[in-house]
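> Predicted model and sequence below, questions to follow.
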Amino acid sequence: MISFLDGLHRIEKLLAAIAYMVVTGLLLTGIAAREFFSTAIWGSEKMAVFAAIFAAFLGLTLTTAANAHLRPRFTDEWWPAAWQTAVARLGDLLSAVIFIATGIIATIYVMDTYANQDRAIILYWPLWIIQAVIPYAFFSSGVRHLAFTFWPGLKPQPDNLES
């Protein structure tokens, strides 16, 4: 399970980095085209937006993998020390259920987009291809939280950002 989650994490990091490079490249070339050649690159801003959305949803999976979600730490003191592990595992189970349920809803949404043959404005690409990252991100995070539930040793310790 460790090697599977590590491999998945590496792929997601690589894809998010590529998506941000695409965003940067598209925006910079669009600016250069306007400033130096007085023309626009057709659809570049829309493609950059889609690449940013793709990267953002992969960011959800990366945050889950790093156990870096924002959470109310003040509640940590509400439970006796002996209960901490059980409460953390219950939290991961609840998170898994929420992510998987949201992934199911997102899958239905993407399937509707596919069935309706919706297309992206300007680019006229099939919208479901762009939206496919949404259910993927929710399912990936849900599977990771399930792994944290059953194998708590896989869960990284969060950085303590005391301010």
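Done, it's in. Here the structure is a predicted model, which means the values were calculated and not measured.
> outside of stretch 5-16, which residues touch it?
Applying Cβ atoms under 8 Å, 6 or more residues apart in numbering, the contact partners of stretch 5-16 are 54-55, 58-59, 61-62, 65, 140, 144, 147, 154. C-beta coordinates here come from the backbone N, C-alpha and C atoms, glycine included.
> next one: stretch 124-141
8, 12, 50, 53-54, 57-58, 60-61, 64, 95, 99-100, 102-104, 106-107, 109-111, 113-114, 117-120.
> Apply 7 Å and report the result again.
8, 50, 54, 57-58, 60-61, 64, 99-100, 102-103, 106-107, 110, 113-114, 118-120 (Cβ atoms under 7 Å, 6 or more residues apart in numbering).
> ranges for the helices of this structure?
2-37, 44-66, 84-115, 127-131, 133-150 (DSSP state H).
> ok, of the contacts of stretch 124-141, which come out buried?
By neighbour count, with 16 or more other Cβ atoms under 10 Å, the contacts of stretch 124-141 hold 50, 54, 57-58, 60-61, 64, 99-100, 102-103, 106-107, 110, 113, 120 as buried.
> quick one: the closest residue to residue 127 other than its chain neighbours from residue 31, how far?
Once flanking residues are discounted, residue 127 sits nearest to residue 118: 4.3 Å by Cβ to Cβ, 6 or more residues apart in numbering. Distance, residue 118 to residue 31, using Cβ to Cβ, to the nearest Å: 30 Å.
> on that earlier part again, quick one, which of the helices of the chain is nearest to residue 72?
Nearest to residue 72, of all the helices of the chain, is helix 84-115, at 11.1 Å by Cβ to Cβ.
> Tell me the buried residues in that closest one?
Result for helix 84-115 [16+ other Cβ under 10 Å]: buried residues 88, 92, 95-96, 99-100, 102-103, 106-107, 110, 113.
> what is the rounded mean pLDDT of it?
For helix 84-115, mean pLDDT rounds to 94.
> where in this protein is pLDDT low?
159-163 (pLDDT under 70).
> Excluding covalently adjacent residues, which one is nearest to residue 146?
Excluding the flanking residues, the one nearest residue 146 by Cβ to Cβ, 6+ apart is residue 96, at 4.4 Å.
> you'd agree that neighbour is up against residue 142?
Yes - Residue 96 is in contact with residue 142 according to Cβ atoms under 7 Å; the separation is 4.9 Å.
> How far away from the center of its chain is stretch 147-160?
With Cα atoms, centre = their mean, to the nearest Å as the basis, stretch 147-160 stands 18 Å off its chain's centre.
> Other residues contacting it?
1-2, 5, 66-68, 85, 88-89, 92-93, 96.
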